[in-house]
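Colleague: sequence plus the predicted model coming up.
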Amino acid sequence: DGGITQSPKYLFRKEGQNVTLSCEQNLNHDAMYWYRQDPGQGLRLIYYSQIVNDFQKGDIAEGYSVSREKKESFPLTVTSAQKNPTAFYLCASRSSRGDVSPLHFGNGTRLTVT
Amino acid sequence: AQSVTQPDIHITVSEGASLELRCNYSYGATPYLFWYVQSPGQGLQLLLKYFSGDTLVQGIKGFEAEFKRSQSSFNLRKPSVHWSDAAEYFCAVGAPSGSNYQLIWGAGTKLIIKP
């Protein structure tokens, strides 16, 4: 079955360390997204990519970085510059060809930084 | 600017009772509209979507939603809830740009089911 795989499910890091969250999809989708979710808030867009080797900042990109070297993969690095990195991170993808299509989500990575 | 409001942070419903979750948006034209559901610690699953056409949309798990342009609303309904419906529900609104869009998300409504 096609889907989006995020790993690991739980991640613990010390303050000052960079950490990379993995997102892989086998849906053949062109567009991929990273969202941050905090309790009581909606999803906030960190970065998105419409095509390989290209990506754009979302609403809260500061302290994060991404790469899109392959269509299937869109890793997110949470850098030490991110002031409050503890959160639930969701990766999503969708087809951007043809008709309008909805986002498909992975199961998320919960990052705890102490 | 676009915005999405889900006025109810929590809703408690008895099992077997009907459900309506509210979603209001602010946007100058007809947006793309979505409802997603999230179980604890999981990703989001699409329940239903509205792009154009019939304003009453049927989704998975027995849910439906109605787009009311005059009220800028896209409320989610289910005639009889089951304990397995306990989850958090998110409304999202997208400004169309061809087949592309960027989503604005509501803050979510947590559904609690009383036995």
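Modeller: The structure has been received and is ready for your questions. Numbering: from 1, shown residues only, chains lettered A, B, ... in the order given.

Colleague: listing request: residues of the chain with sub-threshold pLDDT.
Modeller: Let's take chain A. Counting by pLDDT under 70, the low-confidence segments of chain A come to A:1.

Colleague: my bad, chain B
Modeller: B:99.

Colleague: how about the helices in it?
Modeller: Here chain B has no helices by DSSP state H.

Colleague: interface residues of it facing chain A?
Modeller: With CB under 8 Å from any CB of the partner chain as the criterion, chain B meets chain A at residues B:4, B:9, B:32, B:34, B:36, B:41-46, B:49, B:51, B:90, B:92, B:96, B:99-108. Just so you know, the C-beta spots here come from the backbone N, C-alpha and C atoms, and that holds for glycine as well.

Colleague: if we use 10 Å, what do you get?
Modeller: Where chain B comes near chain A, counting by CB under 10 Å from any CB of the partner chain, the residues are B:4, B:6, B:9, B:32, B:34, B:36, B:38-39, B:41-46, B:48-49, B:51-52, B:88, B:90-92, B:94, B:96, B:98-108, B:110.

Colleague: what bridges to the residue nearest the centre of chain B?
Modeller: By CA atoms, centre = their mean, the mean C-alpha position of chain B lies nearest to B:Trp35, the distance being 3.4 Å. Residues found in beta-bridge contact with B:Trp35 (criterion: DSSP bridges) are B:Leu48, B:Cys91.

Colleague: can you name the residue of chain A nearest to chain B?
Modeller: The shortest separation between chain A and chain B is 3.2 Å, found at A:Gly42 (distances taken as CB to the nearest CB).

Colleague: having no further points to raise, I will conclude here.
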